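Undergrad: requesting a structural model of the entry that follows:
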Amino acid sequence: MLKRVLAIVLTLVLAVGGLSIAAHGAASNATGWHTSIGNIGVALRQSRNVNATNLVTIPRGYRNVQITAVSHFNGEWWGRATHAGRTGYVRMMYMVRRYAGVFDVTLNANRVTRDQASTAGAVRSEIQSGRRLAIFAVNGNWGRMSNGRWVYLGGATIHSTATNPNRQMQVNTAAGLHLRRFPHASATSLGTAPNNTPVTVTAQVNGFGRVTWNGQTGWMSMNFLRDRAAPPNDTGIRFPMRGSMTHSSRATWGNTGILCDFRAPMNTRIYAPADGTVSFRQSYTRFNNVRTLTSFGNQIIFTSSCRRYTMRMAHLNSFNGVALQIPSSQTRQQSGAQNTITLATRTVRQGDFIGLTGRTGNANGPHLHLEFSVDNRPTNPVGRLRTW
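TA: The predicted structure follows:
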């Protein structure tokens, strides 16, 4: 009775998997099976009998075994398969259907399998280092095998496809994107990369791309990455003032990049360094309940249209076409600010007139304060930006 029930269950499973069941008939979907449970591989036998001649042994973990028909004989399910040029029969109890979402790993150490994704789970068996396994689900740092048991995946090698290696992409979700330890949505998060973060995908598997971000290598969902626009030539982005760049008074680390203070007369014109967007802002602190410009004072934040370049231009006297809420005369030489307000954001073309230099905020004289980053990395503008 039990064998009959098991036969009915396996019949349903195979039918759902898309495989025709017949005595010796052809399968409607012959690909996508692999050896799973056998410790030393699966025997391809000459006939449907456990004592029949072993034509060849299919290695353990072998992928994409061709099953052309499935039949029930003498209380067991057998699959007709071809391997290494030999055609025979394998016991289906040692075969597993490959579904989307499965990825393969090779263990780097001896591991025990458990009945749950925790060291609290009961130990069921031991797997030797170097064993290649198919992982069907992930819970934190644990992977579930086809037999339902869990194995710790720390340090395991993940097998992937290097389709279009070194693909230049960027995060495409306002909420940011998790960097996962393994290519699965339930894997442990190593951190969340902000929207528009540039990444390089070096391999893909299970809908995830392997990237290195913030000093860690892991996996990001390809559903929330998009290809980066082709970057302009580095020599195309320009210094925002006309004239020489050789008169910087200092170069130190700032909030958005390496900052340089360039000497400039009061009300020297500032131009958009490339195509992109500019955000006009004022930083202030209240003194006796009066809003007074401090810190960066009047500032413009520029982002290039390709999202690679960002720039802060600070201590300005005025903006072109944007009215100030706090007069430039209402300023105080003091670092730090209680608030920053955004007056407007505009799309600009390279060379558009956007503002005038000044001495608002924490400045002791008129100049241009410049901070520059490339791909979120602080970069010295001297020698990198092109003059007009």
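
Undergrad: how near is residue 202 to residue 265?
TA: Distance from residue 202 to residue 265, counting by CB to CB, to the nearest Å: 50 Å. All C-beta spots, glycine's among them, are computed from the backbone N, C-alpha and C.

Undergrad: when those two are compared, which one has more neighbours?
TA: Under the criterion of other CB atoms under 10 Å, the comparison of residue 202 against residue 265 puts residue 202 first, with 16 against 8.

Undergrad: hang on, the more buried one packs against residue 166?
TA: Yes: counting by CB atoms under 8 Å, residue 166 is a contact partner of residue 202 at 6.1 Å.

Undergrad: who touches residue 79 in this structure?
TA: Residue 79 makes contact with 33, 67, 68, 69, 70, 89, 90, 91, 92, 95 under the criterion CB atoms under 8 Å, 6 or more residues apart in numbering.

Undergrad: low pLDDT regions in the stretch 1-150 of the chain?
TA: The model of the stretch 1-150 of the chain has pLDDT under 70 over residues 1-40, 60-64, 96-102, 146.

Undergrad: show me where it has helices.
TA: Ranges of helices in the stretch 1-150 of the chain, per DSSP state H, counting those that start in this stretch, are 2-16.

Undergrad: so who does the residue nearest the centre of the chain touch?
TA: Nearest to the mean C-alpha position of the chain, counting by CA atoms, centre = their mean, stands residue 220 at 2.9 Å. Neighbouring residues of residue 220 by CB under 8 Å, 6+ apart: 171, 177, 178, 179, 180, 193, 199, 201, 208, 209, 211, 213.

Undergrad: where's it, which helix or strand?
TA: Assigned by DSSP states H and E, residue 220 belongs to strand 216-221.

Undergrad: so what sits against both of residue 202 and residue 166?
TA: With contacts defined as CB under 8 Å, 6+ apart, no residue is shared by residue 202 and residue 166.

Undergrad: domain-wise, how is this structure divided?
TA: According to automatic domain parsing, the chain comprises the domains 2-97, 103-158, 162-227, 234-378.

Undergrad: adding distance to residue 384, write those out as a markdown table.
TA: Below are the domains of the chain laid out as a markdown table (distance: least, CB to CB, whole Å):
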| stretch | distance to residue 384 |
| --- | --- |
| domain 2-97 | 48 |
| domain 103-158 | 37 |
| domain 162-227 | 17 |
| domain 234-378 | 7 |
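
Undergrad: what's the longest strand in this structure?
TA: Counting residues, the longest strand found in the chain (DSSP state E) is strand 290-304.

Undergrad: low pLDDT regions in the stretch 151-300 of the chain?
TA: Applying pLDDT under 70 to the stretch 151-300 of the chain picks out residues 160-165, 229-235, 245-259.

Undergrad: give the helix, strand or coil label for residue 223.
TA: Secondary structure state of residue 223, per DSSP: H, G, I helix; E, B strand; the rest coil, is helix.

Undergrad: check contacts around the residue lying closest to it once chain neighbours are set aside.
TA: What sits nearest to residue 223 in space, not counting adjacent residues and going by CB to CB, 6 or more residues apart in numbering, is residue 207, at 6.8 Å. Counting by CB under 8 Å, 6+ apart, residue 207 touches 101, 183, 221, 222, 223.

Undergrad: for the fourth one, give me its contacts.
TA: With contact taken as CB under 8 Å, 6+ apart, residue 222 is in contact with 201, 204, 207, 208, 209.

Undergrad: before we move on, the earlier item: list the beta-bridge partners for the residue nearest to the centre of the chain.
TA: residue 209 (DSSP bridges).

Undergrad: distance-wise, check it relative to residue 346.
TA: Separation of residue 220 from residue 346 (CB to CB): 32 Å.

Undergrad: quick check: chain neighbours aside, which residue is closest to residue 331?
TA: Once flanking residues are discounted, residue 331 sits nearest to residue 293: 4.1 Å by CB to CB, 6+ apart.

Undergrad: which residues in the stretch 201-350 of the chain form strands?
TA: Here the stretch 201-350 of the chain has its strands, by DSSP state E, counting those that start in this stretch, at 203-205, 208-213, 216-221, 225-227, 248-253, 258-263, 269-271, 276-287, 290-304, 309-319, 339-348.

Undergrad: what's the following helix or strand after the last one?
TA: To tie it back to what came earlier, the one meant is strand 339-348. strand 353-357.

Undergrad: end-to-end on stretch 361-369?
TA: The straight-line separation of the ends of stretch 361-369 (CA to CA, to the nearest Å) is 11 Å.

Undergrad: next one: stretch 208-222
TA: So stretch 208-222: terminal residues 5 Å apart, CA to CA.
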